[in-house]
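Asks: 3D, please:
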Amino acid sequence: MDAEMAMELVKKGATLLLLDVPQHTLIGVDIQACMKCPPLLFSPSLFSLNVNMVFAAGPKFCGIKMIPPGPHFIYYSAADRAGNTFSPITGFFIDASASQVIVRKWNGTEEKFVKLLEDEQLGPYALEHFREWKQISGYISKDVIKRIAELLMLVFLQTKLLESIISNDFGGAEDVLLGELQFAFIAFLV
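Replies: Next up is the predicted model:
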């Protein structure tokens, strides 16, 4: 696949999110495999199935991207924890639309993928407010979000620490802690 075609599929191809897939589960799409995927996501299958037609889900696997619009058959075979024994192959059809996100979740009891969301269950983004949002959020970048996330984690940890102090040192009486803080503030001013 040339770079231009790949970029087109990144932009307009569908994405199939496969959530909670057990490691070693064999998965295939149509009649092709994903043997060129990063090794952390997939590990090539060396089992009795044709390795040119399936791949084994790795620990970080979450689905398949760049699926061309149209009908596709997704097939799979659940594995035991060691990846030695497999269930019979089963599957389902999808009819992918451009830029569509299709979500399926693994049901371990039934050893199959189930629909998680239907498009009808999702509310649309209120586009009439998008311009105003862009005006008030124009300087929020990925770096800003990362810094804020780190700060929020610190605040969360400090909040947990404060809750622990109130519980352990003040018997759960928040007003006693507030009284000590007020006293310290007044003492600082004087």
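Asks: now do the same contact list for the residue nearest to the spatial centre of the chain.
Replies: Residue closest to the average C-alpha location in the chain (CA atoms, centre = their mean): Cys62, at 6.9 Å. Taking CB atoms under 8 Å, 6 or more residues apart in numbering, we find Cys62 in contact with 17-19, 21. The C-beta positions use only the backbone N, C-alpha and C, and glycine is treated the same way.
Asks: repeat for Pro69
Replies: Here Pro69 is in contact with 12-14, 96-98, 100 (CB under 8 Å, 6+ apart).
Asks: quick one: buried ones out of the contacts of Cys62?
Replies: The neighbour-count test (16 or more other CB atoms under 10 Å) marks 18, 21 as buried among the contacts of Cys62.
Asks: of all the contacts of Cys62, which two lie farthest apart?
Replies: For those, the farthest-apart pair by CB to CB is Leu17 and Val21; their separation is 10.1 Å.
Asks: between the contacts of Pro69, which has the most around it?
Replies: Ala14 (22 neighbours; other CB atoms under 10 Å).
Asks: run through the bridge partners of the spatially closest residue to that residue that is not a sequence neighbour.
Replies: Nearest residue to Ala14, sequence neighbours excluded (CB to CB, 6 or more residues apart in numbering): Ala96, at 3.5 Å. On the basis of DSSP bridges, Ala96 is bridged to Gly70.
Asks: having no further points to raise, I will conclude here.
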